[in-house]
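Undergrad: kindly return the folded structure for what I paste below:
(one chain, ligands or ions: 2)
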Amino acid sequence: MNFKRNILITGGAGFIGSHVVRLFVNKYPHYRIINLDKLTYAGNLANLRDVEGAPNYEFVRGDVCDYERMGELMRTYGIDGIIHLAAESHVDRSIEEPFAFAKTNVMGTLSLLQAAKLHWESLPERYDGKLFYHISTDEVYGALEMGEGLFTEQTPYAPHSPYSASKASSDHFVRAFHDTYGVPTIVTNCSNNYGPYQFPEKLIPLFINNIRTGKPLPVYGRGENVRDWLYVEDHARAIDLVFHNGRVGDTYNIGGFNEWRNIDLIKVMIKTVDRLLGNPEGHSDHLITYVADRLGHDLRYAIDSTKIKEELGWEPSLQFEEGIEKTIHWYLDNQEWMDNVTSGDYARYYERMYAGR
Ligand code: NAD
Ligand code: DAU
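TA: Ligands and ions are numbered 1, 2, ... in the order given. Down below sits the predicted model:
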């Protein structure tokens, strides 16, 4: 089959990546979508069961840090667009093992950038019609005080955690490749995503599962930290729009204008899970357990996404009340997915399946 475009999506077996892959495979049958993923603990091909047989979809297991392999992939598939999501993404893990974050997030991004640069420069048309689109986070901007305003694209970078430091560094490399060599790049910085297929180490899926199973809910510090939550499919829609219509060399913030104090969000989750499970109101309130705070815990994130709204016409489609109810429903209805992920069965399965490759 002759495809109009060959697009490499990295980290497509993860939470956000799987939604992006699904959207592109279904919406663009004339594009070939190559999903490159290392399948770390966070990567799960069960997130993509519904598209794995599509004629325009291919999965490749590999590590973005493997520079030679990235070059080979660029040439074999004639990649003309990259949406780079592969990363170590959990702040708590970055506090425990910062090297893994520097390796994948910084060196992995650099390896992919260099492979793309060399491949595209070898072609007669060079960078025409090419794009390296890097998915980043609002955490690179540091933390806001309560009532301080919002992160804009002009906010100076001030990362605090090893995770955000590694993402900030990768963003700088992406911009450097644009400014130095002319590689066509775009960076977007998004706020906290929620929705189906998120690994249950992150607040929302972890707490939904713990409420369902009657386990303690470990609230860091006093639960007063604020996050700006966006439904993951709205992020995927923004990525689609930026990939096709974004200005090369530019940056866009993506967020929900939807700030919640952790403790207030946790109370909404408890109430909703109890209602959906038929428990009396207040049944699971006792599970709230205040624990030691996360080291260097950023107080507040909040994104100003006016630019992407005004320039590209994107805004969130879901109200939070609707999105969180839909999300809770999904986790309660997909117990098998949750049990597989929490038991580690899927990780053992992929180790066997790819042994020796
Ligand atoms: P995730 O942890 O769910 O998924 C990451 C994916 O990358 C996994 O499938 C994993 O197997 C893969 N991966 C990890 N290391 C790799 C490597 N060396 N080579 C190839 N693949 C590798 O992450 P997520 O929450 O979906 O985040 C995706 C991206 O979006 C990340 O870059 C993250 O920084 C960014 N982001 C996340 C959020 C959020 O709220 N989750 C918000 C803004 C930005
Ligand atoms: O802002 C975007 C970022 O959002 C992404 O770049 C990261 O990849 C993503 O993991 C997320 O980071 P956070 O640290 O904000 O998400 P997390 O779900 O880990 O935590 C959300 C808030 O809840 C945070 O203030 C810490 C708190 N928390 C988290 C966990 C896991 C708890 O109180 N208890 C917990 O057990």
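Undergrad: ok, the closest residue to ligand 1 within the stretch 1-150 of the chain - contacts?
TA: In the stretch 1-150 of the chain, no residue comes nearer to ligand 1 than residue 14, which is 2.0 Å away by Cβ to the nearest ligand atom. (Each C-beta comes from the backbone N, C-alpha and C, glycine too.) Taking Cβ atoms under 8 Å, 6 or more residues apart in numbering as the contact definition, residue 14 lies against 37, 42, 43, 44, 47, 85, 86, 89, 199.
Undergrad: list the buried ones in the helix or strand that contains residue 332?
TA: Element membership of residue 332 [criterion: DSSP states H and E] is helix 320-333. Across helix 320-333, burial judged by 16 or more other Cβ atoms under 10 Å covers 320, 323, 324, 325, 327, 328, 330, 331, 332.
Undergrad: what do you get for stretch 57-76?
TA: Applying 16+ other Cβ under 10 Å to stretch 57-76 flags 57, 59, 61-67, 69-71, 73-74 as buried.
Undergrad: do the same with stretch 191-209
TA: 191-209.
Undergrad: ligand 2 next: which of those are close?
TA: 191, 192, 202, 203, 206 (Cβ under 6 Å from any ligand atom).
Undergrad: so which of the residues you listed belong to helices?
TA: 203, 206 (DSSP state H).
Undergrad: farthest residue from the center of this protein?
TA: residue 280 (35.1 Å; Cα atoms, centre = their mean).
Undergrad: can you redo the buried residues of stretch 57-76 as TSV with secondary structure, pLDDT and distance to residue 245?
TA: Shown next, in TSV, are those (DSSP: H, G, I helix; E, B strand; the rest coil; pLDDT from 0 to 100; distance: Cβ to Cβ, whole Å):
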residue	secondary structure	pLDDT	distance to residue 245
57	strand	98	23
59	strand	98	28
61	strand	98	32
62	coil	98	29
63	coil	98	31
64	coil	98	26
65	coil	98	31
66	coil	98	32
67	helix	98	31
69	helix	98	31
70	helix	98	26
71	helix	98	29
73	helix	98	26
74	helix	98	24
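Undergrad: hmm, which two among those residues are most spread apart?
TA: Spatially, the most separated pair among the buried residues of stretch 57-76 is 57 and 67, at 24.9 Å (Cβ to Cβ).
Undergrad: correct me, but residue 297 touches residue 223?
TA: No - using Cβ atoms under 8 Å, residue 297 is not in contact with residue 223; the gap is 11.0 Å.
Undergrad: tell me where this structure is predicted with low confidence.
TA: Applying pLDDT under 70 to the chain flags residues 346-347, 349-357.
Undergrad: who in it is up against ligand 2?
TA: Residues of the chain lying near ligand 2 (Cβ under 6 Å from any ligand atom): 89-91, 137-139, 191-192, 202-203, 206, 218-220, 225, 227, 262, 294, 301.
Undergrad: out of the residues you listed, which are close to ligand 1?
TA: Applying Cβ under 6 Å from any ligand atom to the residues of the chain next to ligand 2, those adjacent to ligand 1 are 89, 137, 192.
Undergrad: would you convert these into TSV that also reports distance to residue 315?
TA: Shown next, in TSV, are those (distance: Cβ to Cβ, whole Å):
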residue	distance to residue 315
89	25
137	20
192	17
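Undergrad: go through those and flag which are in strands.
TA: 137, 192 (DSSP state E).
Undergrad: closest to residue 183 among the ones next to ligand 1 among the residues of the chain next to ligand 2?
TA: For these, the nearest to residue 183 is residue 137 (21.1 Å; Cβ to Cβ).
Undergrad: what count of nearby residues applies to the closest one?
TA: 23 (other Cβ atoms under 10 Å).
Undergrad: got it, and residue 100?
TA: Neighbours around residue 100, by other Cβ under 10 Å: 15.
Undergrad: surely it and residue 93 touch.
TA: Yes - using Cβ under 8 Å, residue 100 makes contact with residue 93 at a distance of 7.5 Å.
Undergrad: can you list the residues of the stretch 51-200 of the chain near ligand 1?
TA: When proximity is defined as Cβ under 6 Å from any ligand atom, the stretch 51-200 of the chain approaches ligand 1 at 63-65, 85-89, 104, 108, 135, 137, 167, 190, 192-193, 199.
Undergrad: contacting residues for the nearest residue to residue 163 once chain neighbours are set aside?
TA: Counting by Cβ to Cβ, 6 or more residues apart in numbering, residue 163 lies nearest to residue 94, which is 3.6 Å off, once chain neighbours are set aside. Residues near residue 94 by Cβ under 8 Å, 6+ apart: 88, 100, 101, 161, 162, 163, 166.
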